[in-house]
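S.K.: please work out how this folds:
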Amino acid sequence: MALYDRKIEQYSKKVSQLEINIRRDTDEHKRLLSEIARLRYLSLCEKLNCEGEKLESVLSREHEQIQRMKQCGMTDEDIDALGSGDKDETEQIRFYSQEEDNEDKNI
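M.R.: A predicted model of the protein is given here:
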């Protein structure tokens, strides 16, 4: 019986220590996640050179613009290419017809 009592006491101490460690680690986990969120916000503020309501306004406006482009049939790749200038010249938006382009070349 004494053998079981000692083991129970040992395991109870280990369980108590583990609970303390879990609480400590959970608090540290929450603190680190909060710090990561704060640093991401500061990085975004620096990148876009604004903060607070202005940052919210900029992000909201850009999101709405992208959604309108997607509603017009553009893909994420199309939108990325617009910003990077990677589109081939033949794929660029034309402001006149192909026939007019051919006529200009014949002149």
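S.K.: CA atoms for contacts and neighbours, from now on please.
M.R.: Fine.
S.K.: helix or strand for the residue nearest the centre of the chain, which one?
M.R.: Geometric centre of the chain, nearest residue: residue 40, 9.5 Å, by Cα atoms, centre = their mean. Residue 40 is located in helix 2-48, with elements delineated by DSSP states H and E.
S.K.: chain center to that helix, what's the gap?
M.R.: What separates the centre of helix 2-48 from the centre of its chain is 26 Å, taken as Cα atoms, centre = their mean, to the nearest Å.
S.K.: tell me the mean pLDDT for that helix?
M.R.: Averaging pLDDT along helix 2-48 gives 96.
S.K.: distance check, residue 13 against residue 23.
M.R.: 16 Å (Cα to Cα, to the nearest Å).
S.K.: what's the answer for residue 73, then?
M.R.: On the measure of Cα to Cα, residue 73 and residue 23 end up 50 Å apart.
S.K.: now residue 30
M.R.: Counting by Cα to Cα, the gap from residue 30 to residue 23 is 11 Å.
S.K.: residue 74 too?
M.R.: Taking Cα to Cα, one finds residue 74 at 49 Å from residue 23.
S.K.: and residue 39, by the same measure?
M.R.: Distance of residue 39 to residue 23, computed by Cα to Cα: 24 Å.
S.K.: what do you get for residue 53?
M.R.: Taking Cα to Cα, one finds residue 53 at 36 Å from residue 23.
S.K.: helix or strand: which one has the closest residue to residue 69 other than its chain neighbours?
M.R.: Among residues not flanking residue 69 along the chain, residue 79 sits closest, at 7.7 Å (Cα to Cα, 6 or more residues apart in numbering). Assigned by DSSP H and E, residue 79 belongs to helix 76-84.
S.K.: may I have that helix as CSV, with CA atoms only?
M.R.: Extracted in CSV, the C-alpha atoms of helix 76-84 (Å, rounded to 0.1, in the frame of the first residue of the first chain):
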residue,chain,number,x,y,z
ASP,A,76,-5.3,37.4,-59.3
GLU,A,77,-2.5,36.8,-61.8
ASP,A,78,-4.0,39.5,-64.1
ILE,A,79,-4.1,42.0,-61.3
ASP,A,80,-0.5,41.1,-60.2
ALA,A,81,0.7,41.6,-63.8
LEU,A,82,-1.0,45.0,-63.9
GLY,A,83,1.1,46.2,-61.0
SER,A,84,4.3,44.6,-62.0
